[in-house]
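K.L.:
3D model of this:
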Amino acid sequence: VARKEAGLERFLQDSQARESLMKVDIAELAKMERTVKELQVELARKQEGLSRFLRDAEGREKTLQSEAGASQSYKSAVGDLQQSLARKEAGLRLFMIDTFNREQKLQKMLDIKF
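P.N.:
Below is the predicted model of the structure:
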């Protein structure tokens, strides 16, 4: 009987020790679950922030592309105007030379007549 009581006592002590360990494990598990939930919330916030950043970046990229297109159109228009101005300047020079030559001819004709 004494051996059985001693065995039961050891079994009871072992069971209490295992129960204490299980309580610690359960507490640690609950703590880990809270940490996981906190990390999930933080991850969701960061994903939303990243999504917002990407949407903003796409908007900025479209704006830059639009501005680049407008800039290219502006450069093209300036180039066209410069070419037009150069043609008009050349035409004006030819007109001035032609006018000068006519004036010279008229002057010679006037000199001959008088």
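K.L.:
distance from the strand or helix carrying Gln16 to the middle of the chain?
P.N.:
Secondary structure assigned from DSSP states H and E places Gln16 in helix 2-113. Put simply, helix 2-113 sits 0 Å off its chain's centre (Cα atoms, centre = their mean, to the nearest Å).
K.L.:
how much space separates the residue most central in space within the chain from Ser84?
P.N.:
Centroid check for the chain by Cα atoms, centre = their mean gives Ala57 as the closest residue, at 2.9 Å. Per Cβ to Cβ, to the nearest Å, Ala57 is found 40 Å from Ser84. C-beta coordinates here come from the backbone N, C-alpha and C atoms, glycine included.
K.L.:
how many neighbouring residues does Asp98 have?
P.N.:
Using other Cβ atoms under 10 Å, Asp98 is surrounded by 10 other residues.
K.L.:
what of the one 10 residues further on?
P.N.:
Residue crowding around Lys108 was assessed by other Cβ under 10 Å; the count is 10.
K.L.:
measure it to Asp98 for me?
P.N.:
Plainly put, Lys108 is 16 Å away from Asp98 if you go by Cβ to Cβ.
K.L.:
check Gly7 too.
P.N.:
132 Å.
K.L.:
cool, Ala70 as well?
P.N.:
From Ala70 to Asp98 the distance is 41 Å (Cβ to Cβ).
K.L.:
ok, Thr63 next?
P.N.:
Thr63 is 52 Å from Asp98, by Cβ to Cβ.
K.L.:
repeat that for Tyr74.
P.N.:
In terms of Cβ to Cβ, Tyr74 sits 36 Å off from Asp98.
K.L.:
repeat for Glu19
P.N.:
In terms of Cβ to Cβ, Glu19 sits 116 Å off from Asp98.
K.L.:
Thr35 too?
P.N.:
Counting by Cβ to Cβ, the gap from Thr35 to Asp98 is 92 Å.
K.L.:
same check, this time on Lys37
P.N.:
Taken as Cβ to Cβ, the span from Lys37 to Asp98 is 91 Å.
K.L.:
and what of Ala44?
P.N.:
Taking Cβ to Cβ, one finds Ala44 at 80 Å from Asp98.
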